[in-house]
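Visitor: sequence and predicted structure, then a few things I'm wondering about:
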Amino acid sequence: MEQVHPTRMELIKKRSQIKLAEQGRDLLKEKMEALIQEFFKIMVHFSESREELEKLSVKADMSLVIAKAVDDSVAVKSASYATRRQILVDMSGKNIMGVPVPVIQKKSVAISIMERGYGPIGISSRVNETAEKFESEIDMIIRLAETETAVRRLGNEIQMNRRRVNALEQIIIPELKEEAKYIRYSIEEREREDIFRLKKVKQKIERKKKEKMLK
């Protein structure tokens with residue numbers, strides 16, 4: 001409190017700071033509530049997609065095990081090498097309540113039998129079925145990457161806003177109010193002292209007047 005100047009101008013300044021801090025806190029709370037709503041909307045979709053991905057993964061793994069067991073494992077491996085290719089995606093972005101999140105634009109990974117790089121003759125339907133399931137799994141993984149990134153960024157923004165709100169509510173605003181209280185009490189105390197001194201001066205003047213009258 002030593003650095004606080006107990007003047008009326010300083011009191012007006014502190015009250016203005018308190019009002020501004022409270023407005024900032026309220027705006028941050030509103031933003032945080034909106035972010036939480038968006039977070040849970042995306043989270044529902046994310047959870048459903050994760051469950052779907054797990055099911056696709058189990059089916060793809062099982063299909064691969066069957067293909068290796070029934071067909072020639074060398075043929076399965078050769079088919080996998082033949083279908084190796086790059087997966088290109090276009091990245092862009094959008095804002096959710098001011099939070100930048102990625103948007104992944106791509107074509108489906110799934111392709112026809114003729115596009116897989118191996119001849120359809122000599123490759124069983126089990127191998128083709130396995131390829132289709134893994135392609136579907138990759139498609140889902142790419143979609144989930146976009147959603148998971150959005151969930152993480154929104155979650156981080158919510159935590160950051162919560163820390164800011166807590167700092168305003170528990171530290172900044174109470175300190176400003178305590179400083180304003182100190183200034184107000186100091187001004188009131190100084191005014192009481194001034195009134196007391198004025199009374200003393202008035203009494204002294206009146207006493208001198210009486211003394212003159214008695215002479």
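Guide: Done, it's in. Numbers count the residues shown, from 1 in each chain.

Visitor: where exactly do the helices run in the protein?
Guide: Applying DSSP state H to the chain gives helices spanning 8-70, 73-82, 125-167, 173-214.

Visitor: quick one, phi psi at G98?
Guide: phi 80, psi 0 (degrees, to the nearest 10).

Visitor: contact partners for it?
Guide: K31, E157 (Cβ atoms under 8 Å, 6 or more residues apart in numbering). (Glycine included, C-beta is placed from N, CA and C.)

Visitor: what's the most buried one of the helices of the chain?
Guide: Stretch with highest mean neighbour count among the helices of the chain: helix 125-167 (a mean of 17; mean count of other Cβ atoms under 10 Å).

Visitor: that one packs against which elements?
Guide: The contact analysis (3 or more Cβ pairs under 8 Å, 6 or more residues apart in numbering; DSSP states H and E) places helix 125-167 against helix 8-70, helix 73-82, strand 99-105.

Visitor: thought L168 was touching A21?
Guide: Yes: if you go by Cβ atoms under 8 Å, L168 and A21 touch, sitting 5.6 Å apart.

Visitor: okay, now the unreliable bits of this structure?
Guide: Across the chain, the ranges flagged by pLDDT under 70 are 1-2, 72-88, 106-124, 211, 214-215.

Visitor: which residue is nearest the centroid of it?
Guide: Nearest to the geometric centre of the chain sits E157, at 1.4 Å (Cα atoms, centre = their mean).

Visitor: now that one. Nearest residue, chain neighbours left out?
Guide: Using Cβ to Cβ, 6 or more residues apart in numbering and skipping residues adjacent in sequence, the residue nearest E157 is V99, 4.8 Å away.

Visitor: what pairs with that neighbour across the strands?
Guide: I96 (DSSP bridges).

Visitor: contacting residues for it?
Guide: Per Cβ under 8 Å, 6+ apart, neighbours of V99: L35, R153, L154, E157.

Visitor: would you list those in CSV and tack on distance to I187?
Guide: Output for those, formatted as CSV (distance: Cβ to Cβ, whole Å):
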residue, distance to I187
L35, 42
R153, 48
L154, 47
E157, 42
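
Visitor: now the two most distant members of those residues.
Guide: L35 and R153 (10.1 Å; Cβ to Cβ).

Visitor: tell me the spacing between the residue nearest to the centre of the chain and S92.
Guide: Relative to S92, E157 is positioned 20 Å away (Cβ to Cβ, to the nearest Å).

Visitor: still on that earlier bit, right, and the residue nearest to the centre of the chain touches E38 too?
Guide: No: assessed by Cβ under 8 Å, E157 is found out of contact with E38, at 9.8 Å.
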